[in-house]
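Peer 1: Predicted model and sequence below, questions to follow.
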Amino acid sequence: MRPTSCLQQISATITLCIFSATASAETYSCGEWSEASLLHRGVISVELRENTLTWSNDRQTYGAELINSAVGHNVYSDDASIYMVYGLPPMDEGNVFDGRRLTIRRIFFSSMALQVSELMC
């Protein structure tokens, strides 16, 4: 195999991998968190990408990693909260979100008390 042919194949493979990774993200426009603190208020956008949940208002962006996955829902965690995401399609549908409505419950501590906040997308 010629060196340029090998480089072209490697380049095509890398491009395909990058495209696959970026194509698997789903972004949702949502309302506001119920029971939100001043820091978390505002219209929220949520992005689900493989094992990561990212949500942001116009001021800050937060990310959480997948810790548990089951049919119809996933559980994510960051340093301050647990996020339970409901309304996900079964894995056998290829994880295509096809416009389903998501419900996200955020469980966190505030003033030494457990709080729950909910978001509809």
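Peer 2: Cool, the structure landed. Residues are numbered from 1 along each chain as shown.
Peer 1: in this protein, what spans have low per-residue confidence?
Peer 2: When residues are selected by pLDDT under 70, those of the chain lie in 1-24, 89-100.
Peer 1: let's go with 50 and repeat that
Peer 2: Scanning the chain with the threshold set as pLDDT under 50 gives 1-23.
Peer 1: Look through it and tell me its longest strand.
Peer 2: Looking across the chain with DSSP state E, the single longest strand is strand 61-70.
Peer 1: who does that strand touch, helix- and strand-wise?
Peer 2: strand 52-56, strand 73-77 (3 or more Cβ pairs under 8 Å, 6 or more residues apart in numbering; DSSP states H and E). Yep, even glycine has a C-beta here, placed from its N, CA and C like the rest.
Peer 1: Using JSON lines, please lay out these together with mean neighbour count.
Peer 2: Formatted as JSON lines, those follow (neighbours: other Cβ atoms under 10 Å):
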{"stretch": "strand 52-56", "mean neighbour count": "18"}
{"stretch": "strand 73-77", "mean neighbour count": "18"}
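Peer 1: Please tabulate the ones you listed in a markdown table, including the columns distance to S117.
Peer 2: As requested, these are exported to a markdown table (distance: least, Cβ to Cβ, whole Å):
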| stretch | distance to S117 |
| --- | --- |
| strand 52-56 | 11 |
| strand 73-77 | 14 |
